[in-house]
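S.K.: output the structure for:
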Amino acid sequence: MKIEVSDVGGVCVVALGGRLDTTNYNEVEVKMNLLFSEQNTNIIFDLKELDYISSSGLRVMLMTLKRVGAAGGKLVLCNMQEGIREIFEISGFTTIFTIAVDRESALKHF
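M.R.: This next block holds a predicted model:
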């Protein structure tokens, strides 16, 4: 699991790579808790290099969405590979998440 965090114009971009599953979802939770403690409430999950996501990974994303919303911020997902998009569609998550084609499009939501 790769987690890279950067700031782009006041928006926190979290790039995830590899597999997000039961063996490592807690790494993302810890990173997100740290970002929230630093008052980061506008977040982009860049999923360009994410190859697989399990239900545990979906749970982390949903919990992040709820926390961001409660803090008055926004969460946008971008750069989804086709397999990841299918999982989001099957789970019904495409209706509750804002999904952009690429990072540039995602930044326009802020």
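S.K.: show me what counts as buried in the helix ranked longest in the chain.
M.R.: Ranked by residue count and defined by DSSP state H, the top helix of the chain is helix 55-70. Using 16 or more other C-beta atoms under 10 Å as the test for burial, helix 55-70 gives Ser56, Gly57, Leu58, Val60, Met61, Thr64, Leu65, Arg67, Val68. Just so you know, the C-beta spots here come from the backbone N, C-alpha and C atoms, and that holds for glycine as well.
S.K.: how about stretch 72-83?
M.R.: Gly73, Lys74, Leu75, Val76, Leu77, Cys78, Asn79, Met80.
S.K.: restricted to strands, list those residues.
M.R.: Lys74, Leu75, Val76, Leu77, Cys78 (DSSP state E).
S.K.: and the first one, how far is that from Arg67?
M.R.: Lys74 is 12 Å from Arg67, where distance means C-beta to C-beta, to the nearest Å.
S.K.: tilt between the host helix or strand of Ala15 and helix 55-70?
M.R.: Under the criterion of DSSP states H and E, Ala15 resides in strand 11-20. Strand 11-20 runs at 170 degrees relative to helix 55-70, counting by axes from the mean of the first three to the mean of the last three C-alpha atoms, to 10 degrees.
S.K.: noted, bye for now.
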